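*Asks:* predicted model, plus sequence, below.
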Amino acid sequence: MLRWGLIPAWAKDEKIGYSTINARAETMADKPAFREAFRWRRCIVPASGFIEWETVGKKKLPYHFRRPDHLPLSLAGLWERWTKGSEPIETFTIVVTEANDLVRPMHDRMPEVLADGDIDRWLDQETSPETLQAMLRPTDEGLLMKERVSTRVNNVKNDDPACLAVEDASLDLFQEAP
DNA sequence: CCAGACGTTGTT
DNA sequence: GTCTGG
DNA sequence: CCAGACGTTGTT
DNA sequence: GTCTGG
């Protein structure tokens, strides 16, 4: 099982993993923490979708960004193996890029969602860095939709499918009343 | 030359 | 491990 | 981002 | 309430 939060091979301390949960697509080829993984250890992170929050007053309303057909997304990832601790630890990070128009109202970044036709090239060690860089664009508009889900997802302790229970957004009109 | 950083913007 | 800043 | 700390050695 | 560490 890989742990989320990439620990570079040279790291003295695994704590760096707390701040390497994402790698910026624009710069990962050059960053010491990511460049070796970018060159040799690219991976796919399957996900039902991803969550971003809309801030309404003091409330945070979670939205699940997903495919309309409910198929999993193929997120671009990098992985590493760290052997400086008592046990080897394998870790990964999720590549992020600029948000597309659908996500931008909530956040300026989003995970790199690979088009089906790009998956093989992303994983192939023969693919040139230039070709890889070219496929790292904000996801095509229209591939994803957003759906309001339970605020259960706002608490990290709730690690279960109920987090993705769909909310009827229209109910918010009543819930917002003073 | 050595010391210190090396990463992102956040719900593992 | 490699680069940067001092 | 969330969780957890936050302070001093004592009588205004 | 606000800052810090993870």
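*Replies:* Ah, there it is.
*Asks:* what strand or helix carries the closest residue to residue A:26 other than its chain neighbours?
*Replies:* Nearest non-adjacent residue to residue A:26, counting by C-beta to C-beta, 6 or more residues apart in numbering: residue A:97, 7.5 Å away. Yep, even glycine has a C-beta here, placed from its N, CA and C like the rest. According to DSSP states H and E, residue A:97 maps onto strand A:89-98.
*Asks:* in that strand, what counts as buried?
*Replies:* Along strand A:89-98, these residues count as buried under the neighbour rule (16 or more other C-beta atoms under 10 Å): A:89, A:91, A:92, A:93, A:94, A:95, A:96, A:97, A:98.
*Asks:* quick one: residues contacting the spatially closest residue to the third one that is not a sequence neighbour.
*Replies:* Pointing back at residue A:92 there. Of all residues not flanking residue A:92 in the chain, residue A:79 sits nearest, at 4.2 Å (C-beta to C-beta, 6+ apart). Residues near residue A:79 by C-beta atoms under 8 Å, 6 or more residues apart in numbering: A:2, A:6, A:37, A:41, A:43, A:90, A:91, A:92, A:93.
*Asks:* make sure residue A:79 is indeed in a strand.
*Replies:* Yes - counting by DSSP: H, G, I helix; E, B strand; the rest coil, residue A:79 is part of a strand.
*Asks:* write out the residues of chain A neighbouring DNA strand D.
*Replies:* Chain A comes close to DNA strand D at residues A:60, A:154, A:155, A:156, A:157, as judged by C-beta under 7 Å from any atom of the strand.
*Asks:* in JSON lines, list the residues you listed along with neighbour count.
*Replies:* Shown next, in JSON lines, are the residues of chain A next to DNA strand D (neighbours: other C-beta atoms under 10 Å):
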{"residue": "A:60", "neighbour count": "13"}
{"residue": "A:154", "neighbour count": "14"}
{"residue": "A:155", "neighbour count": "9"}
{"residue": "A:156", "neighbour count": "6"}
{"residue": "A:157", "neighbour count": "6"}
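*Asks:* just for chain A, where's the confidence low?
*Replies:* Low-confidence regions of chain A, defined by pLDDT under 70, span residues A:57-58, A:169-178.
*Asks:* residue closest to the middle of it?
*Replies:* Using C-alpha atoms, centre = their mean, the residue of chain A that lies closest to the mean C-alpha position is residue A:111, 4.0 Å off.
*Asks:* in the sheet, who's paired with it?
*Replies:* Per DSSP bridges, the residues bridged to residue A:111 are residue A:96.
*Asks:* contacts only, for the closest residue to residue A:140 other than its chain neighbours.
*Replies:* Of all residues not flanking residue A:140 in the chain, residue A:115 sits nearest, at 7.2 Å (C-beta to C-beta, 6+ apart). Going by C-beta under 8 Å, 6+ apart, residue A:115 touches A:135, A:140, A:143.
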